[in-house]
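S.K.: I need the structure of the sequence given here:
(one chain, ligands or ions: 1)
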Amino acid sequence: MQRSLIPVLRIAYFGPAGTFTEAALESMERNGTINEPVTRISAPSPPAALDMVRNGVADQACVPIESSVEGPVIPTLDSLATHQRLQIVAEIELPITFTIAVRPGTPVEAIKTVAAYPVAAAQVAQWIAKNLPEAHIVAATSNAAAADDVCENEADAAVTTAIAADQRGLQRFADKVADVEGASTSFVLVQAPTAPPARTGSDRTSIVLGLPNKPGSLAAAMNEFALRGIDLTRIQSRPTRTGMGTYRFYIDCRGHIDDTAVGEALKALHRNGADVRYLGSWPTTVTDASSPPDDSAETAWLAALRQGEDHT
Ligand SMILES: O=C(O)C(=O)C[C@]1(C(=O)O)C=C[C@@H](O)C=C1
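M.R.: Numbering: from 1, shown residues only. Predicted coordinates for the structure are as follows:
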């Protein structure tokens with residue numbers, strides 16, 4: 001009997017099982033962003049998940065990119081800016097609240113150490129200071145790894161996810177813990193360079209810029225977006241690590257590489273000698289800012305002039 005071979009997408013994610021990143025991946029599978037059968041591969045860090053794509057171990061990777069409380073996820077951005085180029089093809093934003101989990105039966109006075117991923121610890125520091133003032137934080141390698149640390153007796157409590165606590169049979173000491181109400185984190189799906197998903201009219205484009213070290217080069221680069229009415233959604237600088245005072249710039253904007261304004265801005269940056277690493281254009285669910293201006297009327301006007309037609 002011949003077995004049918006169903007293609008399976010291998011997607012690496014920042015794990016182990018039960019992280020918010022896995023929940024983000026699951027949401028993308030459920031909402032149709034990903035519409036093929038998926039094999040999930042756990043990776044120990046966001047850069048490790050991205051390297052799995054570079055090494056051909058995975059077809060795509062799902063990694064956190066920005067927290068509304070803690071800002072950019074630096075390991076993700078640094079990996080995307082260096083090594084072999086990868087491209088972002090989708091994004092999802094999840095509300096973030098944490099669960100404090102313990103081994104069943106642990107009384108509050110026995111909680112002396114709390115395992116937490118540093119990004120998570122920063123989001124619950126006030127809660128811990130108020131509710132577990134005697135406890136020391138011990139670093140975990142992810143939110144789910146913090147739960148593993150409690151299972152392995154390496155800490156008395158974990159700052160983790162509700163799913164990771166349940167999966168491991170831990171007791172939920174407190175749920176919905178967050179110092180900042182309404183916190184969220186956005187996660188991206190990344191793969192080898194590809195034609196970006198089609199323009200939807202509500203898109204985001206991301207680049208990494210290396211600029212010549214001369215006065216005004218950053219201002220000139222920013223101006224390429226400003227004069228075309230393009231709304232920037234991220235400007236982040238990071239050292240290139242090649243010498244003191246040398247930086248690269250992460251720029252995200254509203255719009256798609258197929259929007260005339262965005263395409264023209266990228267061309268101008270390239271023409272002016274910037275090192276432009278394109279990180280992709282993808283549909284965004286965030287609707288709090290404007291799309292680049294629609295220039296179809298001007299395009300028709302110019303075409304009319306070129307044809308020798310009358311114009312107004
Ligand atoms: O996915 C997870 O659970 C993570 O540990 C990652 C991560 C992040 O790096 O931002 C995701 C969401 C929370 O903001 C805290 C941690």
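
S.K.: can we go C-alpha only for contacts and neighbour counts from here?
M.R.: Will do.

S.K.: Might you report the residue contacts of E29?
M.R.: E29 makes contact with N35, according to CA atoms under 8 Å, 6 or more residues apart in numbering.

S.K.: Same check on the one 10 residues further on?
M.R.: Neighbour list for T39: 8-11 [criterion: CA under 8 Å, 6+ apart].

S.K.: again, but for A24
M.R.: 62, 92-94, 187.

S.K.: Name the member of those residues with the most neighbours.
M.R.: Counting neighbours by other CA atoms under 10 Å, the top entry in those is C62, with 29 neighbours.

S.K.: Next, that one: secondary structure please.
M.R.: Counting by DSSP: H, G, I helix; E, B strand; the rest coil, the backbone at C62 sits in strand.

S.K.: Provide the partner residues of it in its beta bridges.
M.R.: Beta-bridge partners for C62, by DSSP bridges, are Y13, L189.

S.K.: That one against L25, yeah?
M.R.: Yes: counting by CA atoms under 8 Å, C62 does reach L25; the two are 6.3 Å apart.

S.K.: Show me whatever sits in contact with both of those two.
M.R.: Common neighbours of C62 and L25 (criterion: CA under 8 Å, 6+ apart): Y13.

S.K.: what about the stretch 151-300 of the chain, any weak spots by pLDDT?
M.R.: By pLDDT under 70, the low-scoring segments of the stretch 151-300 of the chain are 286-290.

S.K.: Name the residues linked to the one residue in it that gets nearest to the ligand by a beta bridge.
M.R.: At 5.3 Å from the ligand, T185 is the closest residue in the stretch 151-300 of the chain, using CA to the nearest ligand atom. Bridge pairing for T185 (DSSP bridges) gives the partners S67, L94.

S.K.: Which residues lie in contact with it in this structure?
M.R.: Contacts of T185 by CA under 8 Å, 6+ apart are 64-68, 93-96.

S.K.: now these in a markdown table, with pLDDT and distance to D175?
M.R.: Shown next, in a markdown table, are those (pLDDT from 0 to 100; distance: CA to CA, whole Å):
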| residue | pLDDT | distance to D175 |
| --- | --- | --- |
| P64 | 98 | 22 |
| I65 | 96 | 24 |
| E66 | 95 | 23 |
| S67 | 94 | 19 |
| S68 | 94 | 20 |
| E93 | 96 | 20 |
| L94 | 97 | 16 |
| P95 | 97 | 14 |
| I96 | 97 | 11 |
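
S.K.: List only buried entries from those residues.
M.R.: Those of these that meet the buried threshold are 64-67, 93-94, 96, by 16 or more other CA atoms under 10 Å.

S.K.: Could you list which of these also contact the ligand?
M.R.: When contact is defined as CA under 6 Å from any ligand atom, the buried ones among the contacts of T185 meet the ligand at 64, 67.

S.K.: now for the buried ones among the contacts of T185, which pair is the farthest apart?
M.R.: Farthest-apart pair in the buried ones among the contacts of T185 is I65 and I96; separation 13.6 Å (CA to CA).

S.K.: Could you work out the end-to-end span of stretch 264-282 for me?
M.R.: For stretch 264-282, the first and last residues are 18 Å from each other (CA to CA, to the nearest Å).

S.K.: ok, and for it, which residues are buried?
M.R.: Going by neighbour count (16+ other CA under 10 Å), the buried part of stretch 264-282 is 264-266, 269, 274-282.
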